[in-house]
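Colleague: Dropping the sequence and predicted coords here.
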Amino acid sequence: MKAKSHREFTKLAFDLLENEIGNYSLFHCKEAVAEDCANVDRQTDLEFVNVDGDLDNPHADDGFFTDDDEAHKVEVALSITGQEPESLTTFNHFIDIRKGGGIYDDFDGYSYNRGSGHKNQNEQIGGVGIDQLIHWWFNDEYVHVPGRKWYKDCSPSVAMYSFYWDKNNYSSVAEEAKSRFPLAKNTGQTGKGVPYSVFMPVDNMARFWYWIFKRNRSVNAIGYIMHALQDASIPHHAAGCSGNWHQSYETKLDERTTSFVNDASFKSQIRTYYNRWNGEDNNPPTSLSRNDFNKIPKINWRVEWFVTWMAINAYKSYHEVYNNFNNGLTINNDNLMELTAKSVALCMLVINDLSCKESSMNFKPKSLRVVRRGNIWAIIAQVGSRQSSIARFTSNSNAEFALELIKHYEMDKKCWISKQFSYFLSHDKAPGAEIRIGPVGGGYRNKPFLPNEQYFTMDTNNLKVHTVQNTMNENRYIIGDDDHHYFDFDKNLHDALLALEKIKYFKFNTFHWVGNSNNPEMVFMTRKISMTRINPPLNFLLRRRSVHVIG
Ligand SMILES: [Zn+2]
Ligand SMILES: [Zn+2]
């Protein structure tokens with residue numbers, strides 16, 4: 001799929017999900033994820049080595065008289081005239097459903113000779129198939145993978161997308177990689193080089209990045225998952241071939257992208273899929289076969305099944321709708337829409353799954369009261385027949401002041417991500433401003449601060465999750481800017497990243513607290529309009545510089 005399609009369909013998934021479920025924390029990442037998704041095709045994480053003479057170190061210049069092997073991660077010969085060189089990473093964006101069961105995975109990635117690349121090449125230049133041309137070009141090249149001589153992290157994608165333990169035929173990434181990617185000679189030979197290589201399947205890419213996201217909520221992982229789901233909706237990617245009008249097909253889709261994303265029936269088709277699939281499967285698959293196009297994907301399917309299922313459907317179209325491209329390419333618009341709609345709906349399921357789930361409590365500010373229990377004064381909400389504590393204080397005056405603030409800002413909901421982090425909302429928005437209708441028209445304006453209110457401004461755009469080290473030299477995660485820390489998450493990186501998502505989503509820019517700033521008894525955030533900067537008290541200064549920044 002081309003960059004614009006990747007970008008626009010990703011944005012559409014975010015927008016439609018907002019229509020379905022309302023606020024969700026990842027929404028503020030829409031633009032970034034769409035851009036990442038488009039850039040996945042430009043990664044330089046797969047390296048080929050062009051063999052010249054005998055094998056030698058492709059990363060060293062061996063002098064004027066020797067034939068040097070040359071390593072490269074992009075290839076000009078693959079690019080369409082006038083465009084930037086194609087990145088070799090795209091060889092990992094196929095899943096060969098046409099071949100059937102894989103050698104290295106349930107379904108393998110692209111392979112010319114050990115997969116479907118050499119079969120049925122209808123699109124030709126001068127009587128030679130496109131895939132054949134590409135692999136004639138690369139027949140004196142090999143993929144530089146772990147386990148090979150002179151390897152220094154040249155092809156990280158091979159290590160990342162290997163799940164060699166699934167089939168248990170190899171005992172390490174390197175062992176599997178050496179079998180997948182045979183060495184080459186300086187001329188093309190049977191069984192050697194790129195034409196006999198079996199690239200990583202695109203569902204493995206989704207599986208790897210899903211795991212990365214689950215481990216540390218790195219937002220840049222999401223773009224890869226979206227990309228995999230989208231590429232799997234292209235019939236050629238599922239049939240394991242570069243030719244048969246693959247480029248023309250994607251160009252046509254690219255040209256229709258804008259009209260698709262504005263098409264009401266296209267969007268309602270996506271919503272129908274999403275709602276049909278947004279439930280649990282009592283019997284989720286443990287494997288998928290080429291005939292499983294009729295299975296209904298559900299939210300508890302693993303992300304690699306989503307990609308594989310998408311590809312099974314795309315391959316069905318390759319075979320049935322396009323008759324294996326035996327008669328050239330005539331786009332079937334209904335089918336193009338259907339495949340694309342399925343991939344966007346799957347993207348929505350994944351974004352929803354990855355979005356933050358938090359607990360919250362609604363209350364009526366008027367129902368709140370301060371109750372004393374021993375040396376603790378608590379603000380208690382009456383929610384139905386139950387009483388719940390909103391905040392606890394060491395003095396009656398702090399509790400009463402906090403209650404005044406809650407009422408002043410009309411806060412009616414408390415949300416928790418963890419013990420360390422909670423925030424208040426007013427009518428599901430950040431508290432702080434209000435609409436005022438004045439004699440010369442209405443507008444937003446800040447609610448005034450109460451006398452003795454304690455607060456400072458936060459530079460929201462510069463907030464990050466930092467790692468700092470505690471006295472035991474263990475990593476601790478905090479949210480702060482370059483000079484201050486505002487929230488401490490101890491060892492819980494996941495919660496810190498969730499909290500940062502929330503702060504950015506609601507655009508909180510003012511930090512308020514009640515009690516002593518060294519040990520506040522209640523913290524809440526508001527969003528004020530055009531505030532002059534108020535610096536935090538000294539105890540929010542970062543005493544030790546953060547060691548590194550996460551997101
Ligand atoms: Zn493609
Ligand atoms: Zn791609």
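Modeller: Everything's here; your move. Ligands and ions are numbered 1, 2, ... in the order given.
Colleague: What's the local residue count around the residue in the stretch 351-500 of the chain positioned nearest to ligand 2?
Modeller: Nearest residue of the stretch 351-500 of the chain to ligand 2: I351, at 18.9 Å (Cβ to the ion). Every residue, glycine included, has its C-beta placed from N, CA and C. I351 has 25 neighbours, counted by other Cβ atoms under 10 Å.
Colleague: wait, doesn't it sit right on L17?
Modeller: Yes - with contact defined as Cβ atoms under 8 Å, I351 counts as touching L17 (5.6 Å).
Colleague: just how off-centre is the strand or helix carrying the residue of the stretch 351-500 of the chain closest to ligand 2 within its chain?
Modeller: Using DSSP states H and E, I351 sits within helix 333-354. On the basis of Cα atoms, centre = their mean, to the nearest Å, helix 333-354 sits 15 Å off its chain's mean C-alpha point.
Colleague: now stretch 240-257
Modeller: Averaging C-alpha positions (Cα atoms, centre = their mean) puts stretch 240-257 24 Å from its chain's average.
Colleague: How about it, which residues are buried there?
Modeller: Within stretch 240-257, the residues that count as buried by 16 or more other Cβ atoms under 10 Å are 240-246, 249-250, 253-254, 256-257.
Colleague: closest to ligand 2 among the residues you listed?
Modeller: Distances from ligand 2 to these, taken by Cβ to the ion, are shortest for E250, at 9.4 Å.
Colleague: and the strand or helix carrying that closest one, what does it pack onto?
Modeller: Assigned by DSSP H and E, E250 belongs to helix 246-261. Other helices and strands packing on helix 246-261, by 3 or more Cβ pairs under 8 Å, 6 or more residues apart in numbering; DSSP states H and E, are helix 3-21, helix 235-239, helix 333-354.
Colleague: try 10 Å this time
Modeller: Counting contacts by 3 or more Cβ pairs under 10 Å, 6 or more residues apart in numbering; DSSP states H and E, helix 246-261 is packed against helix 3-21, helix 130-137, helix 235-239, helix 264-277, helix 333-354.
Colleague: hmm, the third one touching ligand 2?
Modeller: No - no part of helix 235-239 sits near ligand 2 under the criterion Cβ under 5 Å from the ion; the closest distance found is 7.6 Å.
Colleague: Pick the most buried one from the helices and strands packed on helix 246-261.
Modeller: helix 235-239 (a mean of 28; mean count of other Cβ atoms under 10 Å).
Colleague: so what does that helix touch, helix or strand wise?
Modeller: Helix 235-239 makes packing contacts with helix 220-231, helix 246-261, helix 303-316, helix 333-354 when contacts are defined by 3+ Cβ pairs under 10 Å, 6+ apart.
Colleague: Quick one: closest of those to D45.
Modeller: Across the helices and strands packed on helix 235-239, D45 has its closest neighbour in helix 220-231 (10.8 Å, Cβ to Cβ).
Colleague: In the closest one, which residues are buried?
Modeller: Result for helix 220-231 [16+ other Cβ under 10 Å]: buried residues N220, A221, I222, G223, Y224, I225, M226, H227, A228, L229, Q230, D231.
Colleague: ok, and the closest non-adjacent residue to the third one?
Modeller: Taking Cβ to Cβ, 6 or more residues apart in numbering, and ignoring the residues beside it in sequence, I222 has V33 as its nearest neighbour in space, at 4.8 Å.
Colleague: now swap in K507 and tell me
Modeller: Take K507 and drop its neighbours on the chain: the residue closest to it by Cβ to Cβ, 6+ apart is R527, 5.2 Å away.
Colleague: what about the spatially most central residue of the chain, distance to N352?
Modeller: Residue closest to the mean C-alpha point of the chain, counted by Cα atoms, centre = their mean, is I222 at 0.4 Å. From I222 across to N352, the span is 12 Å (Cβ to Cβ, to the nearest Å).
Colleague: Enumerate the beta-bridge partners assigned to R476.
Modeller: Note on R476: beta-bridge partners by DSSP bridges are V468.
Colleague: which ones are touching it?
Modeller: Listed by Cβ atoms under 10 Å, 6 or more residues apart in numbering, the contact set of R476 reads 466-470, 485, 488-493, 496, 546.
Colleague: Give me the buried entries from the residues you listed.
Modeller: By neighbour count, with 16+ other Cβ under 10 Å, these hold H466, V468, H485, F489, D490, N492, L493, A496, S546 as buried.
Colleague: Those into JSON lines, with extra columns for secondary structure, distance to N113 and pLDDT?
Modeller: Listed next are the buried ones among the contacts of R476 as JSON lines, based on DSSP: H, G, I helix; E, B strand; the rest coil; distance: Cβ to Cβ, whole Å; pLDDT from 0 to 100:
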{"residue": "H466", "secondary structure": "strand", "distance to N113": "50", "pLDDT": "86"}
{"residue": "V468", "secondary structure": "strand", "distance to N113": "53", "pLDDT": "82"}
{"residue": "H485", "secondary structure": "strand", "distance to N113": "57", "pLDDT": "88"}
{"residue": "F489", "secondary structure": "coil", "distance to N113": "51", "pLDDT": "86"}
{"residue": "D490", "secondary structure": "coil", "distance to N113": "54", "pLDDT": "81"}
{"residue": "N492", "secondary structure": "coil", "distance to N113": "49", "pLDDT": "77"}
{"residue": "L493", "secondary structure": "helix", "distance to N113": "44", "pLDDT": "79"}
{"residue": "A496", "secondary structure": "helix", "distance to N113": "48", "pLDDT": "87"}
{"residue": "S546", "secondary structure": "coil", "distance to N113": "51", "pLDDT": "49"}
